[in-house]
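Asks: Give me coordinates for this.
(one chain, ligands or ions: 2)
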Amino acid sequence: MTQDTALLQAQDTNIRKGSNSRKVFIKTYGCQMNVYDSVRMSDALAKDGYEPTEDMEEADLVLLNTCHIREKAAEKVYSALGRLRDMKKQRAGEGRDMMIGVTGCVAQAEGEEILRRAPAVDVVIGPQTYHRLPEALRRAKGGERVVDTEYAIEDKFEHLPLAEKAKIRKRGVTAFLTVQEGCDKFCTFCVVPYTRGSEVSRPVHQIVEEAEKLVDGGVREITLLGQNVNAWHGEGPRGEEWSLGDLLYRLAEIPGLARLRYTTSHPRDMDDRLIDAHRNLRMLMPYLHLPVQAGSNRILKAMNRRHTASEYVALIERIRAARPDIAISGDFIVGFPGETDADFEDTLRLVEEVRYAQAFSFKYSTRPGTPGAELKDQVPEEVKARRLEKLQALLLKQQQEFAESCVGKVIDLLLEKPGRMPGQLIGRSPWLQSVNVDAKASQIGDIIRVRITGISTNSLFAEVVSN
Ligand code: 5AD
Ligand code: SF4
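Replies: Ligands and ions are numbered 1, 2, ... in the order given. Model (predicted):
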């Protein structure tokens, strides 16, 4: 074979494959909003002929959708980029192209710096501009290295395509839907106001349209997402001011939708209308993620949380009065600058008082650019580690107690996916637990009545009461 025929053959293969055969691999780090963003980016790229793949080896484009919340999360990205650089080099030796993109919160925070530290990267796109990703990739194909981390003036959601029915169906019976982004609270430990920008609420019609499309594609449970989801506000049909509670009532009217959830909330934004929705809307699941971060008033003040420990506890009591079976989940940070042993004891006391069904706890991680990073009295790592261990032991104990308290209960279970054994499915309880039960694959998407019979480390077992 001459060089010319080899070239022609290569060109021919490219033409036959056309733009339709390109594959994209997306690795998602961080929170549920990033999971949602990855889905929307994948849909935007589908328009340009990119098919998603789970196998990085066959990908023409690798995207890292990144998280910047703690130092470890950001460092993970740079080590992944090191491995990708080697892969790209090896591919180049084989005459195969590969493009690398960094999206999400590290992209927003580091921008150009990523291009300097990771020369193999072709595009860097922030969370507010991912609707421009296809265009950035076209420019990168022409040899440019593109950084786009501006806060776009146009509404990215107006420019992003919604997936086809068949595609939604493949993704399962539960889905995320971002209704609010960004944060104006400025907790002194947190990078989110800098990476995701100030609070923006999506309009009602856009949210309803997306929810209806999801339900049309077989989705039974929707989780509304926002960094401060309960700060969402919008306009009702008569021009009246709506809060998240009103939006939940509106979404509950969608025929075929069975369950609603929302996350993550700030204690300051739990208004009466939302608590009222917990009281009256059976399809709003009795599970609330309401981070408190710390139990000491001094530390809460230094964190700029703008509430006290007893205000938080009183709020939980009001919510429990409205919906007695509600499970509370939380986030905690240990070792915030200036935290003493006595402050930490206050956190333990608050945990004892609230009793959490589920919780996430972290060692304070200094984030450059946040007010917390400037504070004196940073807590030594070993002290943070000791406190974290103690707190996690208590939270784990409460989590187990909650799971044990479920044994014997009859509950509604949303059947989600194949289980561990043939003939079994995994469903989701109202309290977000995974439950194994004997059921047929054709029942995925159904809600059945089951009795909880036992627990293991991360899931529950149940028997069918009625289909
Ligand atoms: N260090 C440790 N944990 C943090 N979180 C946010 N910022 C930091 C930080 N700088 C935790 C909070 C928040 C969760 C998403 O991550 O608990 O609620
Ligand atoms: Fe991480 Fe926050 Fe960005 Fe989510 S919004 S990916 S938690 S930094």
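Asks: contacts, neighbours, all on C-alpha from now
Replies: OK.
Asks: Show me what the closest residue to Val204 other than its chain neighbours is bridged to.
Replies: The shortest distance from Val204 to any non-neighbouring residue, by CA to CA, 6 or more residues apart in numbering, is to Gly234 (6.4 Å). Under DSSP bridges, the beta-bridge partners of Gly234 are Trp242.
Asks: Need the pLDDT of Gly234.
Replies: pLDDT recorded at Gly234 is 97.
Asks: Tell me the spacing between it and Asn304.
Replies: 26 Å (CA to CA, to the nearest Å).
Asks: Which of these two has more residues huddled nearby?
Replies: Remark: of Gly234 and Asn304, Gly234 carries more neighbours, 18 against 15, as counted by other CA atoms under 10 Å.
Asks: Tell me the first helix or strand C-terminal of the longest helix along the chain.
Replies: For the chain, the longest helix by residue count, based on DSSP state H, is helix 381-406. On the C-terminal side of helix 381-406, the closest following helix or strand by DSSP states H and E is strand 410-418.
Asks: Show the low-confidence segments of this protein, by residue range.
Replies: 1-20 (pLDDT under 70).
Asks: Around ligand 2, pick out the residues from it.
Replies: Gly30, Cys31, Met33, Asn34, Cys67, His68, Ile69, Cys105, Val192 (CA under 6 Å from any ligand atom).
Asks: Out of those residues, name the ones that lie in helices.
Replies: Using DSSP H, the members of those that fall in helices are Met33, Asn34, Cys105, Val192.
Asks: Next to ligand 1 in this structure, residues from the protein, please.
Replies: The chain has residues 69-70, 189-190, 291, 293, 331-333, 362-367 near ligand 1, with proximity defined as CA under 6 Å from any ligand atom.
Asks: one more time with 5 Å, if that's ok
Replies: Phe189, Cys190, Asp331, Phe332, Tyr364, Ser365 (CA under 5 Å from any ligand atom).
Asks: Residue of the stretch 201-350 of the chain nearest ligand 2, please.
Replies: Gln227 (6.6 Å; CA to the nearest ligand atom).
Asks: residue contacts, that residue?
Replies: If you count contacts by CA atoms under 8 Å, 6 or more residues apart in numbering, Gln227 has them with Gln180, Glu181, Gly182, Cys183, Val192, Thr263, Thr264, Ser265.
Asks: again, but for Glu54
Replies: Residues counted as contacts of Glu54 (CA under 8 Å, 6+ apart) are Phe25.
Asks: Correct me if wrong, but it is in a strand.
Replies: No. Glu54 sits outside any strand when classified using DSSP: H, G, I helix; E, B strand; the rest coil, being coil.
Asks: For it, give me the backbone phi and psi.
Replies: Per-residue torsions, Glu54: phi -100, psi 0 (degrees, to the nearest 10).
Asks: separation between it and Lys27?
Replies: 9 Å.
Asks: swap in Ala175?
Replies: Relative to Lys27, Ala175 is positioned 18 Å away (CA to CA).
Asks: Nearest spatial neighbour of Pro193, chain-adjacent residues omitted?
Replies: Nearest to Pro193 is Cys183, by CA to CA, 6+ apart, at 5.0 Å.
Asks: name the element the one you found belongs to?
Replies: Using DSSP H and E, Cys183 falls outside every helix and strand.
Asks: Count residues in the vicinity of it, would you?
Replies: Close neighbours of Cys183, defined as other CA under 10 Å, add up to 23.
Asks: Now for it: which residues touch it?
Replies: Contacts of Cys183 by CA under 8 Å, 6+ apart are Val192, Pro193, Arg196, Gly197, Ser198, Glu199, Gln227, Asn228.
Asks: Kindly report the same for Ile69.
Replies: Per CA under 8 Å, 6+ apart, neighbours of Ile69: Gly30, Cys190, Val191, Val192, Arg367.
Asks: Wait, the fourth one touches Gly182, no?
Replies: It refers to Val192. Yes. Val192 is within contact range of Gly182, at 6.8 Å (criterion: CA atoms under 8 Å).
Asks: of the two, who's got more company?
Replies: Ranked by neighbour count (other CA under 10 Å), Val192 and Gly182 place Val192 first, with 23 against 20.
Asks: Much appreciated, bye for now.
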